[in-house]
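> generate coordinates for the sequence data below:
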Amino acid sequence: MKYINQPIRKKDAMQLVQGKPLFLDDLARPDSLIVKVLRSPHANALIKEIKTDKALKIPGIEAIFTYHDVPDHRFTLAGQTYPEPSPYDRQILDRHVRFVGDPVAIIAGETEECVNKALKLIKVKYKVLPALLDFHAAKDNEILVHPEENWRSLCPVGADNKRNLCASETDSHGDVDQILSECDVVIDQVYHTKANQQAMMEPFGTACYMDAYGRLNIFSSTQIVFHVRRIIANALGIPKSKIRVTKPRIGGGFGAKQTAVSEVYPAFVTWKTGKPSKMIFTREESQIASSPRHEMEMHVRVGAMNNGKIRAIDVYTLSNTGAYGEHGPTTVGLSGHKSIP
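Here you go, the predicted model:
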């Protein structure tokens, strides 16, 4: 009975109360390049032209990358076991931007000051397209969020990019309409839950460097260490054996860091330049360009008898997965699967 029913001190308890665990930004190498991204001001647009020549002349700027410089295959940022239910709908940078905040260019420089100056000097011309802003109107709309032919869904989850469907499924047991017609009481309501941001204390952040063995080392505030390794390998098109991922104690995640939100950009910079780099999201970036909980609308019918016995439950859920499909199939499924015996 040494451990059972006994108070056991956590390994890091004293360090926590003394404020010793540090956020990732405190642990990154001091010679790291500062990485930031230029973000789209449009909800749906094609990049017609992007000029970086003036920005590249800023002293201290190491590199600027656009969609011309990245691999053209797609991947997912969702931290899920392979094959992921989430669609392969991402590129590191894409000519087609799909939300206000979608990355347009990656800038790496020696100081935050020079990177901020370069951000203002990149000139982009867009072809602005009609935007889908109401998720009720998204399905089978002529406006396609992902019209590209190299979009892929690895699992049979009812996904169809030509219908704006990240996932769709019908699961049932018994004749729900017949049972509801026999019930003494039927409650029929529509419930709406808004998207919400987890707002953890530490924002998204990643630091990278190349080690003596030619491996890309990724040090990140993440909940999905092993998934990040596979995600970055897919994004960069390199073997997983070339990547090593570690994490410090993170300053909160609450599910937000089950998506590889920040890792791909400094990883790409370090892989291309060979130099250490880091990207720390601002609070605004964490709000507008991360992985909040999905907005959902649930139409629920519950039938019961006067004695209190519930005989039927019917749930139809419409989920807004946004511009990209990370965790879309699994979160919408959870709204119904656990209601069916």
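
> mind listing the strands for the protein?
33-39, 45-51, 61-65, 96-97, 103-109, 123-128, 185-193, 205-210, 216-220, 243-246, 277-280, 295-304, 310-320 (DSSP state E).

> most packed of those?
strand 277-280 (a mean of 27; mean count of other CB atoms under 10 Å). Heads up, the C-betas are built off the backbone N, CA and C, glycines and all.

> run the chain-centre distance for it.
17 Å (CA atoms, centre = their mean, to the nearest Å).

> average model confidence for that strand?
Average pLDDT, strand 277-280: 98.

> again, but for stretch 228-236
pLDDT averaged over stretch 228-236 gives 98.

> returning to that earlier point: mind giving me a markdown table with the strands of the chain and columns for distance to L27?
Formatted as a markdown table, the strands of the chain follow (distance: least, CB to CB, whole Å):
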| stretch | distance to L27 |
| --- | --- |
| strand 33-39 | 15 |
| strand 45-51 | 34 |
| strand 61-65 | 21 |
| strand 96-97 | 32 |
| strand 103-109 | 19 |
| strand 123-128 | 34 |
| strand 185-193 | 36 |
| strand 205-210 | 7 |
| strand 216-220 | 7 |
| strand 243-246 | 10 |
| strand 277-280 | 10 |
| strand 295-304 | 35 |
| strand 310-320 | 36 |
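
> nearest to D134, of the ones you listed?
Proximity to D134 (CB to CB) singles out strand 310-320 among the strands of the chain, at 9.2 Å.

> which ones are touching the nearest residue to S335 once chain neighbours are set aside?
Here the nearest residue to S335 in space, its sequence neighbours aside, is T317; by CB to CB, 6 or more residues apart in numbering that works out to 4.2 Å. Listed by CB atoms under 8 Å, 6 or more residues apart in numbering, the contact set of T317 reads 296-299, 332, 335-336.

> and the residues you listed, which is closest to L93?
Proximity of those to L93 (CB to CB) peaks at V332, which lies at 28.0 Å.

> so that closest one sits against M296, correct?
Yes: counting by CB atoms under 8 Å, M296 is a contact partner of V332 at 7.2 Å.

> which residues are common contacts for the two?
317, 319.

> wait, F75 sits on A235?
Yes: distance between F75 and A235: 5.1 Å, which falls inside the contact criterion (CB under 8 Å).

> which neighbours do these two share?
R90.

> about what we covered before: what about the residue nearest to S335, distance to S32?
43 Å (CB to CB, to the nearest Å).

> please apply the same query to V300.
Taken as CB to CB, the span from V300 to S32 is 50 Å.

> what do you get for S86?
Counting by CB to CB, the gap from S86 to S32 is 30 Å.

> the more surrounded of the two?
Ranked by neighbour count (other CB atoms under 10 Å), S86 and S32 place S86 first, with 30 against 21.

> what's the per-residue pLDDT of the nearest residue to that one once chain neighbours are set aside here?
Residue nearest to S86 in three dimensions, not counting chain neighbours: A78, with 3.8 Å by CB to CB, 6+ apart. In this model, A78 is scored at 98, pLDDT.

> now M1
pLDDT, M1: 69.

> also the one 10 residues further on?
Note for K11: predicted pLDDT of 83.

> going along the chain, name the helices of the stretch 51-200 of the chain.
53-56, 112-121, 176-182 (DSSP state H, counting those that start in this stretch).

> output the last one as CSV, restricted to C-alpha atoms.
When you say that, I think you mean helix 176-182. This file holds the C-alpha atoms of helix 176-182, laid out as CSV (Å, rounded to 0.1, in the frame of the first residue of the first chain):
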residue,chain,number,x,y,z
VAL,A,176,-37.1,6.5,-35.3
ASP,A,177,-40.1,8.1,-37.0
GLN,A,178,-42.4,5.2,-36.1
ILE,A,179,-41.3,5.2,-32.4
LEU,A,180,-41.6,9.0,-32.1
SER,A,181,-45.2,8.8,-33.4
GLU,A,182,-46.0,6.4,-30.5
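
> contacting residues around it?
With contact meaning CB under 8 Å, 6+ apart, helix 176-182 is reached by 186, 301, 303, 311-314.

> mind checking how far it is from the chain centre?
Using CA atoms, centre = their mean, the offset of helix 176-182 from its chain centre is 40 Å.

> in that helix, what counts as buried?
176, 180 (16 or more other CB atoms under 10 Å).

> how about the contacts of T317 in JSON lines, adding pLDDT and distance to C155?
As requested, those are exported to JSON lines (pLDDT from 0 to 100; distance: CB to CB, whole Å):
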{"residue": "M296", "pLDDT": "96", "distance to C155": "21"}
{"residue": "E297", "pLDDT": "97", "distance to C155": "24"}
{"residue": "M298", "pLDDT": "95", "distance to C155": "23"}
{"residue": "H299", "pLDDT": "96", "distance to C155": "26"}
{"residue": "V332", "pLDDT": "91", "distance to C155": "14"}
{"residue": "S335", "pLDDT": "85", "distance to C155": "18"}
{"residue": "G336", "pLDDT": "80", "distance to C155": "17"}
